[in-house]
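Chemist: pasting the sequence and the predicted model now:
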Amino acid sequence: MAMTSFAADAADERDRGGPQQPLLTVTDLRKYFPIRGGVLGRTVAHVRAVDGVSFTVRKGETLGIVGESGCGKSTVARLLMRLVDPDAGEQVFDGEAVGEQGGISVAQMRRQVQMVFQDSASSLNPRMPVQNSIAFGPVAFGARRADAVAMARELLTKVGLNPVLFGGRYPHELSGGQKQRINIARALALKPRMIILDEAVSALDKSVEAQVLNLLQALKRELNLTYVFISHDLGVVRWISDRVMVMYLGEVVEIGPADAIYTGPKHPYTRALLASRPALDPDQRREEAPVSGDPPNPVNPPSGCRFHTRCPHAEPVCSARAPSLGDATGFGHLAACHMQDAGSGHTAASVLQ
Amino acid sequence: MSTAISDTTPPALAELAGPAQRGYWGTVGYRLRYDPVTLFFITILVLVILAAIFSPWLAPNDPYQESIIRRLKPPGYRGHILGTDELGRDMLSRLLYGGRITLTMGILPVLVATLIGGGLGVIAGFAGGFVNALIMRIMDVFYAFPSVLLAVAISGAMGGGAVNGMIALTLVFIPPLCRVAETATTQVRNLDFVDAARATGAPVRLVLWHHVLGNVLGPVLIYASSLISVGIILASGLSFLGLGVKPPEPDWGLMLNALRQAIYVSPLAAAMPGIAILITSVSMNMASDGLRAAMDVRS
């Protein structure tokens, strides 16, 4: 059998707009989960999980998404895969609107975008040998079973697992790191152009995490992939990402190149997040937490800037008006904060500018 | 290049791989072979079914041949290996022939109900929302009646006879099987591997077939097998009321009812149809429990 090439060729026929066209553009993505209550099960409120998120992913880059638990990171991932239907928003994949007239269908988009889930155990069918799990996608798209399994075994080699030893095993016989490698192989089986990694390494211990991260970097180079890397681990996100997007309560508060965000955060929330990392130097140890309390309830988010309830710089204008991020589809360093907006009326606005 | 890897792999390594190249059902079969208890009960079950199928050749006597002077004779009496019943008919022959009707009435309705009820339950559980509400509320209507009453009402409305009895039993078994399948499906569909399968863009039917069904089959199978014994009892209840199988047809349930009156005269004869039912249901339950354990490859 000839070695199948998993690498996207320099001239990938699926690449429609050339290297300058963004691979993914998301505009004003919204998802409100209804809360039902009462005897009749009527909708009494909504959880605003994702509330007007816009961003762009360039071809070949890694966009990191960070934020506290419950800020809507994982919902964004599921919305991008259309595992959850968005309430509003536009998703353009390589110049083509997803699921709209004249664009590409959700199924076509899914062949080019794959996802790796956080829970490596529950994301594998417990009753299926892992090589069959990997082969499922290709078989579903008409590949012959034997060919698909052969390709699955080849992918196992690619993610560093011996197919003779691991191909026929069941998920419960593997460690967390091995399972996550299988999940990565499964995501690669359809030769996607983009992979969404939803807390893909968060559950692994540090040494395994490093191995998997290195594997991801190697695969990205070899296969010409684009990553959306979702994590709450700031260090990992900085290491792997080209650009970083910070989310708070379903909104984007800051987006920009990774180095710019980590060395010069513009939004007070980003600063607080970065400051909350434990210091490596014991003399620099911090005793009090940089942000206090839990994030507000997304069912009933604060007025104006959603961070004003916890922000040390909050002024009346912050609760009155919501700051805007500006042109989120660009690639600059943007922050949704009144202090960044000279005309906002915040006393610190001109000082910081 | 899988072939090259296998070629360069030392034999010892291939040995380590264990049940690697077997596939799911191959693994289940492999596990069953090392489960003597389950194998024993499967053997019993197969023997019972074979005996019922080949009863015309196995039965020593005519099961309908009555004799006033040979009533309720003990086992071994003049060529009657298991004795005779209250009308002097050969017990062994009636048990063998009775197996045909009893097993059909016990197994067939459960089988059909598993396909229909299980199918509806999987659809309801996977689709959720309105479809789920529609299917499950209709099932609740049937649930509101006690199963015996429902079976009597349905077969009474359609008239007696074995076929109508079986249809009634099928309708009675659909709602509980639907519920079990729905619950299992609802649990499975929220797991990430179903999302991962959907994320490949594969058609829903393939996701259902490969990723949902296998994980729902276990609980449904166990429940269905427990219904088979209920089915045999219910069928005999119907026969007792003059619905379902009619005398002089040999049916284990019917025989049990008829011989009940002779329990003080010949307790052994009265017990025989009951023992036949007991052996069949116990084997059925044990075999399906073993099968479920073998299918649960995690343990």
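Modeler: That came through, no problem. Residues are numbered from 1 along each chain as shown, chains lettered A, B, ... in the order given.
Chemist: contact partners for residue A:81?
Modeler: By CB atoms under 8 Å, 6 or more residues apart in numbering or on different chains, residue A:81 lies in contact with A:110, A:113, A:115, A:196, B:195, B:199. Placement of C-beta: from N, CA and C, glycine included.
Chemist: out of those, which are inside strands?
Modeler: Using DSSP state E, A:113, A:115, A:196 are the members of the contacts of residue A:81 that sit in strands.
Chemist: of those residues, which ones also sit close to chain B?
Modeler: Among the ones in strands among the contacts of residue A:81, the residues lying close to chain B (CB under 8 Å from any CB of the partner chain) are residue A:115.
Chemist: which one of the ones in strands among the contacts of residue A:81 is nearest chain B?
Modeler: Minimum distance to chain B across those is 5.1 Å, recorded for residue A:115 (CB to the nearest CB).
Chemist: so which pair among the contacts of residue A:81 is furthest apart in space?
Modeler: The largest separation in these, counting by CB to CB, is between A:113 and B:195 at 13.5 Å.
Chemist: which one's more surrounded, the two?
Modeler: The neighbour comparison of residue A:113 against residue B:195 (other CB atoms under 10 Å in any protein chain shown) goes to residue A:113, with 26 against 20.
Chemist: does residue B:62 touch residue B:88 like I think?
Modeler: No. Counting by CB atoms under 8 Å, residue B:62 sits too far from residue B:88 to count as a contact (11.6 Å).
Chemist: the more surrounded of these two?
Modeler: Using other CB under 10 Å, the more surrounded residue of residue B:62 and residue B:88 is residue B:88, with 16 against 12.
Chemist: who's in contact with that one?
Modeler: Residue B:88 makes contact with B:66, B:67, B:68, B:69, B:70, B:71, B:72, B:73, according to CB under 8 Å, 6+ apart.
Chemist: Throw the contacts of residue A:81 into JSON lines and include pLDDT and distance to residue B:143, thanks.
Modeler: Listed next are these as JSON lines, based on pLDDT from 0 to 100; distance: CB to CB, whole Å:
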{"residue": "A:110", "pLDDT": "89", "distance to residue B:143": "39"}
{"residue": "A:113", "pLDDT": "92", "distance to residue B:143": "43"}
{"residue": "A:115", "pLDDT": "92", "distance to residue B:143": "39"}
{"residue": "A:196", "pLDDT": "94", "distance to residue B:143": "43"}
{"residue": "B:195", "pLDDT": "90", "distance to residue B:143": "31"}
{"residue": "B:199", "pLDDT": "88", "distance to residue B:143": "36"}
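Chemist: any idea which of these is closest to residue B:298?
Modeler: Set against residue B:298, the nearest of those by CB to CB is residue B:195 (20.1 Å).
Chemist: contacting residues around that closest one?
Modeler: A:78, A:81, A:83, A:115, A:117, A:123.
Chemist: what about residue 203, neighbour count?
Modeler: Answering for chain A, as no chain was given. 17.
Chemist: I was after chain B.
Modeler: Considering only other CB under 10 Å, residue B:203 is surrounded by 13 other residues.
Chemist: then the one 3 residues further on?
Modeler: The criterion is other CB under 10 Å. On that basis, residue B:206 has 16 neighbouring residues.
Chemist: quick one on the thing from earlier: can you flag which of the contacts of residue B:195 belong to helices?
Modeler: With DSSP state H as the criterion, helices contain residue A:78 from among the contacts of residue B:195.
Chemist: pick out whichever of the contacts of residue B:195 sits closest to residue B:188.
Modeler: Of the contacts of residue B:195, the one sitting nearest to residue B:188 (CB to CB) turns out to be residue A:123, at 12.9 Å.
Chemist: return the distance of that closest one relative to residue A:179.
Modeler: 8 Å (CB to CB, to the nearest Å).
Chemist: circling back to that earlier point, ok, so of the contacts of residue B:195, who is nearest residue A:202?
Modeler: residue A:117 (10.7 Å).
Chemist: how about the helices in chain B?
Modeler: Under DSSP H, chain B gives helices at B:2-8, B:11-16, B:24-33, B:36-53, B:55-58, B:91-127, B:129-143, B:147-158, B:162-189, B:192-199, B:204-207, B:213-240, B:252-260, B:267-295.
Chemist: nearest to residue A:282 among those helices would be which one?
Modeler: helix B:192-199 (39.3 Å).
Chemist: that closest one to helix B:91-127, inter-axis angle?
Modeler: 70 degrees (axes from the mean of the first three to the mean of the last three CA atoms, to 10 degrees).
Chemist: tell me the angle of helix B:192-199 relative to helix B:162-189?
Modeler: Going by the same axes, to 10 degrees, helix B:192-199 makes 90 degrees with helix B:162-189.
Chemist: send the alpha carbons of helix B:192-199 over as CSV?
Modeler: Extracted in CSV, the C-alpha atoms of helix B:192-199 (Å, rounded to 0.1, in the frame of the first residue of the first chain):
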residue,chain,number,x,y,z
ASP,B,192,-18.9,13.5,23.8
PHE,B,193,-18.3,10.6,21.5
VAL,B,194,-21.8,11.1,19.9
ASP,B,195,-20.9,14.7,19.4
ALA,B,196,-17.6,13.7,17.9
ALA,B,197,-19.4,11.4,15.5
ARG,B,198,-21.8,14.1,14.6
ALA,B,199,-18.9,16.5,14.1
